[in-house]
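Asker: How does the following fold in three dimensions:
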Amino acid sequence: VMTNIFRDQSRDLRRYLGFYHGHFCTPSWEGKALRSLIWIREQDGYVVGHTYEVAITPDGSIRQRTRYSGLMSWRGNRIYLIENAFSDDGFISETILFPAHRQQVQYLRGMTIGVATRPRLSPYSSPTIWKRISETVSAREAISACGAIPLSSSKLDPIITKFLASSQEKGDTFATIHGL
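Answerer: Next up, the predicted model:
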């Protein structure tokens, strides 16, 4: 059973507890960064992650809302988050974050692996960047900032735009497994 790799992670992950906006590109929202809300907290000897994604097309024809819950582990100077979606399909996603320095918690960069919901269910991977949310930001404000945001939008922090645009220029914005 794999639960032992997630047990007693609080000491190593305590500095990362809190709220973040996660940003990544997905085939479901091409040309946009999907901004999600992520809450990292301690619970019963584990560090757990809760993610909320919401995205709506400008005409309102597509409304995507997904909630995930999972466990975190610190291994080899990397943060691993394995999550399960609360949906009929029960998607599993994995995010691996590479903190630049153990003291740096403002931005966390890494890779996320998941399943795109549109145009069909397809596994994909994408670079991701998380930005810590200030404690002065209300939950309502943090949730309302989520969604599919054009990569050219001024709503994106310049560091996030640069990271995602650089990944796109290198051709590693996302990869899908075709034919599935």
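Asker: Okay, and the most centrally placed residue in the chain sits in which element?
Answerer: Centroid check for the chain by Cα atoms, centre = their mean gives residue 22 as the closest residue, at 4.2 Å. Assigned by DSSP states H and E, residue 22 belongs to strand 18-24.
Asker: Partner strands of the next helix or strand after that strand, with direction?
Answerer: The element immediately downstream of strand 18-24 (helix or strand, assigned by DSSP H and E) is strand 32-43. Strand 32-43 has its sheet partners listed here by DSSP bridges as strand 18-24 (antiparallel), strand 46-56 (antiparallel), strand 147-150 (antiparallel).
Asker: Please work out the average pLDDT along stretch 157-174.
Answerer: For stretch 157-174, mean pLDDT is 76.
Asker: what's near enough to touch residue 112?
Answerer: For residue 112, the contact set (Cβ atoms under 8 Å, 6 or more residues apart in numbering) comprises 22, 24, 93-96, 125-128. All C-beta spots, glycine's among them, are computed from the backbone N, C-alpha and C.
Asker: are any of those residues buried, and which?
Answerer: In those, burial by neighbour count holds for 22, 24, 93, 95, 125-128, counting by 16 or more other Cβ atoms under 10 Å.
Asker: List just the nearest of these to residue 43.
Answerer: residue 95 (18.3 Å; Cβ to Cβ).
Asker: ok, now how distant is the closest one from residue 156?
Answerer: 19 Å (Cβ to Cβ, to the nearest Å).
Asker: For the nearest residue to residue 14 once chain neighbours are set aside, report the pLDDT, please.
Answerer: Excluding its sequence neighbours, the residue lying closest to residue 14 (Cβ to Cβ, 6 or more residues apart in numbering) is residue 42, at 7.6 Å. According to the prediction, residue 42 has pLDDT 95.
Asker: which stretches of this protein have low pLDDT?
Answerer: 1, 89-90, 102-103, 117-120, 167-180 (pLDDT under 70).
Asker: what ranges do the helices span in it?
Answerer: Taking DSSP state H, the helices of the chain run over residues 10-13, 139-144, 158-169.
Asker: For residue 82, which of those helices is the nearest?
Answerer: helix 10-13 (13.7 Å).
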